[in-house]
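*Asks:* can you look at this prediction? I've put the sequence above it.
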Amino acid sequence: MLSLRLTDDAELRALEPWHADEFARHVAAAEEHLGEWLPWGRTANTPIGAAALLQRYADQQARGEGRIFGIWVDGKLSGGTLFRVWDKVNDLCEVGVWLAPEVTGRGLITRAVTEMLDWAIHVRGMHRVEWRCSSANEPSRRAAQRLGMTLEGTLRQAFCLNDKRHDVEVWSVLATEWPTTR
């Protein structure tokens, strides 16, 4: 099994279709928190919904177009990261993240995404990495800032979730801005 140790008790691993039951339990337990920001936060809370989402990312991975990872804390799936978009033609990708409320504030997202950015830029040759979030999602905005991303602009009312229109902020970092060593 491939895994990356984030802290003494947390690791980043591939999140695959065979994890559907565990993923569904994780999403159901954090549904109120996740459903506020993520369209799948209220649909991947069953084994069938979770399997569909995870299979979609497995198919994207097979085509070289995306990838999803889980963050396990003390052996329990507690969040994750993903390459929501992977556009090799334009050397552009988009990173997304989520965490269960009980493990926020520990630096897990910053550590995981730092590793993802290092890999995307230095190994896979991405030139631009984006981070998009609702302007009302303050924890997500702060994570983008901690990663050294630049706020490029706001797409007004560009995303509808739970019958509410959200402004979407576009953050990014370019390969020329990302450190070559850590």
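*Replies:* Alright, I've got the coordinates.

*Asks:* any idea how far the longest helix along the chain is from the chain center?
*Replies:* Identified as the longest helix of the chain according to DSSP state H is helix 47-63. Averaged C-alpha coordinates place helix 47-63 at 15 Å from its chain's average position (Cα atoms, centre = their mean, to the nearest Å).

*Asks:* next one: stretch 7-14
*Replies:* In terms of Cα atoms, centre = their mean, the centre of stretch 7-14 is found 15 Å from the chain centre.

*Asks:* same question for stretch 28-47.
*Replies:* For stretch 28-47, the distance to the chain centre is 14 Å (Cα atoms, centre = their mean).

*Asks:* which positions in it come out as buried?
*Replies:* For stretch 28-47, the neighbour count (16 or more other Cβ atoms under 10 Å) marks 29-30, 33-35, 37-38, 40-45 as buried. Where C-beta positions appear, they are placed from N, C-alpha and C, glycine not excepted.

*Asks:* from the residues you listed, pick the one nearest Thr7.
*Replies:* Thr7 lies nearest to Ala30 out of those, by Cβ to Cβ, at 19.5 Å.

*Asks:* these two touch, right, the closest one and Ala100?
*Replies:* Yes. Under the criterion of Cβ atoms under 8 Å, Ala30 makes contact with Ala100 at 4.4 Å.

*Asks:* and the two most separated of the buried residues of stretch 28-47?
*Replies:* Farthest apart among the buried residues of stretch 28-47 - using Cβ to Cβ - are Ala29 and Trp37, which lie 15.9 Å from each other.
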